[in-house]
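Student: build me a model:
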Amino acid sequence: MRGTTIKLYLALALVFGSLFLFSLTITAVAYSSSSSLIITELYPNTEQEQDEYVAIINPCARSVNLEGWSLTDNEGKITFPQFRIAPGETLYVTRNASAFVEQRSSVTIHPTFEYGSDSDPEVGNLQQAGKAFVLRNSGDEVILQDEHGRIVDALIYGDSSYKGAGWHGKPLKKPREGMILNRKGNEDTDTANDWILIYFDASYHAPETFSTSTIVTAFVSPDNSFAVLQQEIGKASSSLCVNLYEFTNPKLLELVLDALNRGVKVQLLLEGSPIGGISGDELCIAEKIKERGGEVRFSDDPFINHAKYAVIDDKTTILMSENWKSTGVPCDNSFGNRGWGIVLRDREIASYFKEVFAEDFRRGKDFSVEAERGSCWLAREMPHGSYVPVFEPFSINCDFTVIPVLAPDSALSDETILGMINSARACVYVQQFSARLVWGENVSPFIAAIISAARRGCEVKVLLDSKYLEGENNNDEVVSWLNELASADNLSLEARLADLDSLGLAKVHNKGLIVDGEKVLICSLNWNANSVYNREAGVIVENADIAGYYEAVFIHDWDASIAGIQNDSKGTDTKMRIVYVALTLVVVFAIFRVVKWYKRM
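Tutor: Okay, the predicted model is just below:
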């Protein structure tokens, strides 16, 4: 009996002890929730200056009273009044509420507080102390403090020298005018890895993985790209959304006009400032589509709109490396660029890209036909060349996975291109129009990744275009440097310049990547520092049959090309930068080995 009583007391003690610990846990969680608001957006470099803003979110499970909380840049300080921010709520704090709303006339986002003026009586005004709280374009720190002055979150960018609590490592890159510093999610490591630069009035599109089973069509230029587009556009019945850097092909225009005649809703987004300006042919194409009832807009973002994709009837997505020009999608396939394309017939994938398109299209400037232009005229002559078509389109009904790749959103994410290269176990094949070895003072992250793959024992082949080699830090330098590195370190890595004469191609305009014969990248993104901030679009497709099609095309081009030549006549500056990059790679590799040794200890 006594033993039973003792057991009962022990059981009760255990229950009440557990309840006590649970209550402490709940209290701790509640306390941490009240102290874990985070900054999610910052817009410092604006056109008007008055519409700069900071966004703060409450990612916690309970509301937080902001009374006494503050934002500071260590010069000025703005303090919040009594205000409860609800779970999941985002509040916007702007310098001028009226300017904020004016810049977002097409979006229903309203500021909660303003601090530099009293422009809207319905928006709360924050108390200021010290100097004016102004976000410097060149760099600054933005620090969120609770009512006790403790640092809750911080964001450091540009030339700020801040070394205090709430941030670790290098500041974020200074944004161009019209670019927003945007947190990629609610994860907060207090480093630049949490953040990305996106366009004003844009959303962040995180990488997603789509697993599906449907019919896929792989195709290439110049062999069969026109035939594939002709078939797919010809089947459009309700909508056609097209985003392109350039559109000058009159035969493709005819297909779009036929779609308009069938009652298809057509929306076309083009780059507003392409290199060399908008051509007369493209203006004529825009005018004809507009006259037939289509909607045409030109992108006006800080970086270029370099994407090349179309969404048809909300169920089919076409992605390419090529513009809709006579070289990119030639009617006469004896002439043209080497490029890759793919048709994905899946509604979820189409919905993903349709959402991106709708947002980009909304930001674009509407095209208006100028009466004084008169009737426009398109050059109809199709160039003829010496290319002998080799490849037919490849359609297959199969299981596969797709990861969309977008710049600026996910181009440098470990879940997209870098993750694809880092996953390589056997081989990495790269075909690129433009690759830069040096990005500022650092090695290209893509080049660094393929070198790491070679060091892991992967076979790496790099085939670059040879048409444009003027200047420094170009494809020929990349080829020479990679081959020298491979020889010095005994790596299974070789780089070549495409032999355009032997291939019969105008140029290699592709931006493709194949890993282990299982994954393939079809994309618009060149491997240079600016491309990762452009609007670029592509997909990583995982399926051995699909990857095998593009691998056959790659090997065809590789075998027809001579080994890369070295060029010793370049300037000293480039050589010094290449030496610097080489030393950087050695140091990075040494650190990697030390960390790996330490983890084994």
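
Student: find the residue closest to Y550 in space, skipping its chain neighbours.
Tutor: V520 (4.9 Å; C-beta to C-beta, 6 or more residues apart in numbering). For glycine as for every other residue, the C-beta is placed from the backbone atoms N, C-alpha and C.

Student: in contact with that neighbour, which residues?
Tutor: For V520, the contact set (C-beta atoms under 8 Å, 6 or more residues apart in numbering) comprises G512, L513, I514, I540, V541, I546, A547, Y550, E551.

Student: and D120, what helix or strand is that in?
Tutor: According to DSSP states H and E, D120 maps onto no helix or strand at all.

Student: try V520
Tutor: V520 belongs to strand 519-523 when assigned by DSSP H and E.

Student: that strand: how far from the chain's middle?
Tutor: Distance of strand 519-523 from its chain centroid, counting by C-alpha atoms, centre = their mean, to the nearest Å, is 14 Å.

Student: average model confidence for that strand?
Tutor: Strand 519-523 carries an average pLDDT of 98.

Student: repeat that for stretch 531-545.
Tutor: According to the model, stretch 531-545 has a mean pLDDT of 97.

Student: and that stretch, C-alpha only, in PDB?
Tutor: Taking C-alpha atoms only, stretch 531-545 is exported to PDB below (Å, rounded to 0.1, in the frame of the first residue of the first chain):
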ATOM      1  CA  SER A 531      22.800  39.000 -65.700                       C
ATOM      2  CA  VAL A 532      22.000  37.900 -62.200                       C
ATOM      3  CA  TYR A 533      20.200  41.200 -61.700                       C
ATOM      4  CA  ASN A 534      18.400  41.200 -65.000                       C
ATOM      5  CA  ARG A 535      15.000  39.600 -65.500                       C
ATOM      6  CA  GLU A 536      16.100  36.200 -66.700                       C
ATOM      7  CA  ALA A 537      14.000  33.100 -67.000                       C
ATOM      8  CA  GLY A 538      14.700  29.400 -67.400                       C
ATOM      9  CA  VAL A 539      14.200  25.900 -66.000                       C
ATOM     10  CA  ILE A 540      16.200  23.100 -64.600                       C
ATOM     11  CA  VAL A 541      14.700  19.800 -65.900                       C
ATOM     12  CA  GLU A 542      15.600  16.500 -64.300                       C
ATOM     13  CA  ASN A 543      15.100  13.600 -66.600                       C
ATOM     14  CA  ALA A 544      17.700  11.500 -68.300                       C
ATOM     15  CA  ASP A 545      16.000  11.200 -71.700                       C
END
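
Student: the strand holding V520 pairs with which strands, parallel or anti?
Tutor: Here strand 519-523 is paired, per DSSP bridges, with strand 511-515 (antiparallel), strand 536-542 (antiparallel).

Student: most packed of those strands?
Tutor: A comparison of the strands paired with strand 519-523 by mean neighbour count, using mean count of other C-beta atoms under 10 Å, puts strand 511-515 on top with a mean of 26.

Student: gap between that strand and the chain center?
Tutor: Relative to its chain's centre, strand 511-515 lies at 17 Å (C-alpha atoms, centre = their mean).

Student: and the residue nearest the centre of this protein?
Tutor: The centre of the chain sits closest to A407, judged by C-alpha atoms, centre = their mean, with a distance of 1.7 Å.
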